[in-house]
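> Need coordinates for the below:
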Amino acid sequence: MAKDRAFTTVPGATFTNAKSSSFQHKSKLAEKAEKADRKLRRRQRYVEKDGRCNVQHGNVRETYRYLTDIFTTLVDLKWRVSLLVFILAYAITWLFFGVIWWFIAYCRGDLDHLEDRTWTPCVNNLNGFVSAFLFSIETETTIGYGHRVITDKCPEGIVLLLLQAILGSMVNAFMVGCMFVKISQPNKRAETLVFSSHAVISLRDDKLCLMFRVGDLRNSHIVEASIRAKLIKSKQTQEGEFIPLNQTDINVGFETGDDRLFLVSPLIISHEINEHSPFWEVSKRQLEKDEFEIVVILEGMVEATGMTCQARSSYLVDEVLWGHRFMSVLTLEDGFYEVDYNTFHQTFEVPTPSCSARELAEAAARMDAHLYWSIPSQLDEKVEEGTEKENFINEINGTLSSAESEQVLLE
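Just a heads-up that it's a prediction; the model follows:
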């Protein structure tokens, strides 16, 4: 019966979920060597899993451009530097005007007539630099004058008082504004937006799809949430130009509006691998040998503040699982839906052709797509580089019994 019933397949077509132990031929040593080789070839991340970008700017000569946007520069500083700038801004202005107040008293001779009750000084009870410094603090912070107070016999002091009041208000507005914006930045909100640790490729509506999952841990929602995905991969043009980090858009529904998310519960974002997809001709075997990075970007407005928030993550080749699907996280309880984040990152294997989407579409056009479900993935792994799959199928037909052939066909 084995000779009457031969395997027929399309090049590159295999099945990913085999159960027969007859085909588990790879040795543990070969698997370890393969894992070690992939670890050596591991691509340097462009974007870390937590969203940090691995890019450092060097040899920036036009540093004056940072000063043209000093507000953004101060907001982007680290907290310890921002606090230092905040303290120094006030301390320097207090000290600067304190020196001027002391200089006015010195030039008018007020310091030489401290015991003369008939003398009218510029500032009463200003008897040295320390008292001038304290008077400067009282003036700029509007604490209120007590023992030291300006008199109306000092026009230069009145002008200086006006200048310090105006400049102090500007310093207050600028520094308090910087600190407020820095405190209210939605960067920390992005830490409660989570991405699945792996992306998966499996069938959805008889089409290969690349999928990953996103979720929001907070009860307050992200408004107008949208998702984007980029493929980061080196490319060489027809003219010979090498582009090390070429960016290609991955369609996650921006043509149909599916990229606009109602992120109340975790969602699975799907990219259909069609003729416009960069994965159109990528099979399971080619995926394992390829080197790329998928960067996903989730954006939206924080419901509490209305500020725009962005969360990022990425997937390397070894973080893309072929023939897997995500576990369900939603359960219906008494009057509400419950999300179980214990299964958020978990996947399970499903029957999936290991050929490319192009080969699967060609087989569907020939009405023989069902043949993709005839060969286990372990058999595909046995095929060495440069060996024709048809020869391997003939070898199987000659070695399997009819019962085994029938079992493989049914699986």
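
> Which parts of the chain are helices?
28-40, 64-68, 70-76, 79-108, 129-140, 155-183, 284-289, 357-365, 377-382, 389-399, 402-410 (DSSP state H).

> Of those, which is nearest residue 304?
Each of the helices of the chain has some distance to residue 304 by CB to CB; the shortest is helix 155-183, at 13.3 Å. All C-beta atoms are positioned from the backbone trio N, CA, C, and that covers glycine.

> Regarding stretch 288-305, how distant is the last residue from the first?
For stretch 288-305, the first-to-last residue distance is 44 Å (CA to CA, to the nearest Å).

> Could you list the domains of this structure?
What automatic domain parsing lists as the domains of the chain is 1-43+353-411, 67-183, 197-347.

> Residue 53 is nearest to which of those domains?
Of all those, domain 197-347 sits nearest to residue 53, with 7.8 Å by CB to CB.

> Mind checking the pLDDT average for the strand of greatest length in the chain?
Ordering each strand of the chain by length in residues (DSSP state E) puts strand 222-236 first. For strand 222-236, mean pLDDT is 92.

> CA atoms of it as CSV?
C-alpha atoms of strand 222-236 as CSV (Å, rounded to 0.1, in the frame of the first residue of the first chain):
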residue,chain,number,x,y,z
ILE,A,222,-4.7,54.8,26.9
VAL,A,223,-6.8,57.0,24.7
GLU,A,224,-6.5,57.0,20.9
ALA,A,225,-4.0,54.1,21.1
SER,A,226,-2.2,53.1,17.8
ILE,A,227,0.3,50.5,17.0
ARG,A,228,3.2,50.5,14.4
ALA,A,229,5.8,48.0,13.5
LYS,A,230,9.1,48.3,11.6
LEU,A,231,11.5,45.7,10.2
ILE,A,232,15.1,46.6,10.9
LYS,A,233,17.3,44.7,8.5
SER,A,234,20.5,45.3,6.5
LYS,A,235,20.0,45.8,2.8
GLN,A,236,22.1,46.1,-0.3
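
> what comes into contact with it?
For strand 222-236, the surrounding residues in contact (CB atoms under 8 Å, 6 or more residues apart in numbering) are 46, 193, 214, 216, 242-250, 252-254, 259-263, 269, 271, 278, 290-303, 309, 314.

> same deal with stretch 98-110?
With CB under 8 Å, 6+ apart as the test, stretch 98-110 has contacts from 111, 119, 121-123, 126, 128-129, 132-137, 154, 156-157, 160.

> contacting residues for residue 328?
By CB under 8 Å, 6+ apart, the residues touching residue 328 are residue 343.

> 10 Å instead, please
Applying CB atoms under 10 Å, 6 or more residues apart in numbering to residue 328 gives the contacts 266, 268, 340, 343, 346.

> Which one of these is nearest to residue 96?
Nearest to residue 96 among the contacts of residue 328 is residue 266, at 55.8 Å by CB to CB.

> how much space between that closest one and residue 344?
Residue 266 sits 6 Å away from residue 344, going by CB to CB, to the nearest Å.

> who touches both of these two?
Common neighbours of residue 266 and residue 344 (criterion: CB under 10 Å, 6+ apart): 194, 196, 213, 214, 215, 217, 326, 329.

> quick one: contacts for the nearest residue to the first one once chain neighbours are set aside?
Okay, so that is residue 194. Distance criterion CB to CB, 6 or more residues apart in numbering; nearest residue to residue 194, sequence neighbours excluded, is residue 215 at 5.0 Å. By CB under 10 Å, 6+ apart, the contact list for residue 215 reads 192-196, 263-267, 329, 339, 341, 344.

> ok, now which ones touch residue 303?
Listed by CB under 10 Å, 6+ apart, the contact partners of residue 303 are 189, 218, 219, 220, 221, 222, 223, 309.
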